[in-house]
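Undergrad: A predicted structure for the sequence below; I have some questions about it.
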Amino acid sequence: MTYKLLGNGDPVRLFVGGLHGNEWKDTSDILEKLEPPAIGSLAIISTVCKEKYISTLEEKYYSTVGKPIIQAVEELKPDIYIEFHSYSKQNKKSLTDAERIYKAGVPAYSQLDNDVLLGSVSPIIRKKYFSMEALCLSFEIQKDNPQSKQYGAKIANKMKECLSRDDFIEKLKKRYPFQASKVIEDYRNFYGL
Ligand SMILES: [Zn+2]
């Protein structure tokens with residue numbers, strides 16, 4: 001078992017951090033501090049890989065350093081899967097670039113408060129391991145930005161109580177209506193709905 005399991009029953013959530021390179025510095029302790037959810041369970045892999053930086057958009061990520069994620073996904077079959085990444089300020093433009101879908105083959109991230117970005121997970125894991133009903137998200141915390149990290153921790157605490165994809169969308173709509181419509185649109189495009 002590569003993950004820590006808190007709480008029990010449904011819904012099952014899997015949160016992962018420290019996916020590659022030095023991102024563990026901004027993400028791992030956030031996940032380590034999480035308390036069990038009020039309803040259902042939360043599995044945590046706080047650090048996947050501290051060394052190599054392989055992008056999750058590369059096929060080999062999930063078959064090499066990211067293998068523990070796949071093992072946990074196969075074992076737990078989570079309803080909610082969330083990756084916590086971190087990014088350098090100078091990469092913000094390319095991550096949120098509306099043209100990202102054409103340049104990188106994945107939709108642009110949406111900007112939330114305190115330079116936390118919200119996006120989808122790599123199609124490599126999404127398509128192969130999750131049903132359409134599952135909620136799969138990626139949050140990007142800005143490196144060397146304590147406020148961003150603090151807000152990332154707040155989001156992680158809220159997300160561990162999330163019950164389903166629809167529950168997430170409803171809550172996101174209230175706080176971030178524009179970003180919520182983008183999430184829905186990206187999802188429809190991804191599944192060709
Ligand atoms: Zn990353």
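TA: That came through, no problem. Residues are numbered from 1 along each chain as shown.
Undergrad: against residue 28, how distant is residue 130?
TA: 23 Å (CB to CB, to the nearest Å). Every C-beta, even on glycine, is put in place using the N, C-alpha and C of the backbone.
Undergrad: over to residue 68?
TA: 14 Å.
Undergrad: out of these two, which sits in the more crowded spot?
TA: Set residue 68 next to residue 28 and count neighbours by other CB atoms under 10 Å: residue 28 wins out with 20 against 17.
Undergrad: could you say which helix or strand contains residue 15?
TA: Taking DSSP states H and E as the criterion, residue 15 maps to strand 12-17.
Undergrad: which helix or strand lies directly C-terminal to that strand?
TA: helix 24-32.
Undergrad: show me the contact partners of that next one.
TA: Contacts of helix 24-32 with the rest of the structure, by CB atoms under 8 Å, 6 or more residues apart in numbering, involve 15-19, 44-47, 50, 84-86, 141, 143, 149, 152-153, 156.
Undergrad: following it, which helix or strand comes up?
TA: Next along from helix 24-32, by DSSP H and E: strand 41-45.
Undergrad: other residues contacting that next one?
TA: Under the contact criterion CB under 8 Å, 6+ apart, strand 41-45 has outside partners 2-17, 31-32, 34, 36, 68-69, 72, 76, 78, 160.
Undergrad: give me that answer again for 6 Å
TA: The contact list for strand 41-45 (CB atoms under 6 Å, 6 or more residues apart in numbering) reads 2-8, 12-16, 31, 76, 160.
Undergrad: what ranges of the chain fall below the confidence cut-off?
TA: 1 (pLDDT under 70).
Undergrad: all helices of this protein, in order?
TA: Along the chain, counting by DSSP state H, helices occupy 24-32, 59-63, 67-76, 92-96, 100-103, 123-129, 146-159, 165-175, 177-191.
Undergrad: C-alpha coordinates for the shortest one, CSV please?
TA: Which is helix 100-103. What follows is helix 100-103, C-alpha atoms only, in CSV (Å, rounded to 0.1, in the frame of the first residue of the first chain):
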residue,chain,number,x,y,z
ARG,A,100,-2.9,25.9,-24.6
ILE,A,101,-5.3,23.4,-26.1
TYR,A,102,-3.6,23.8,-29.5
LYS,A,103,-0.1,24.1,-28.1
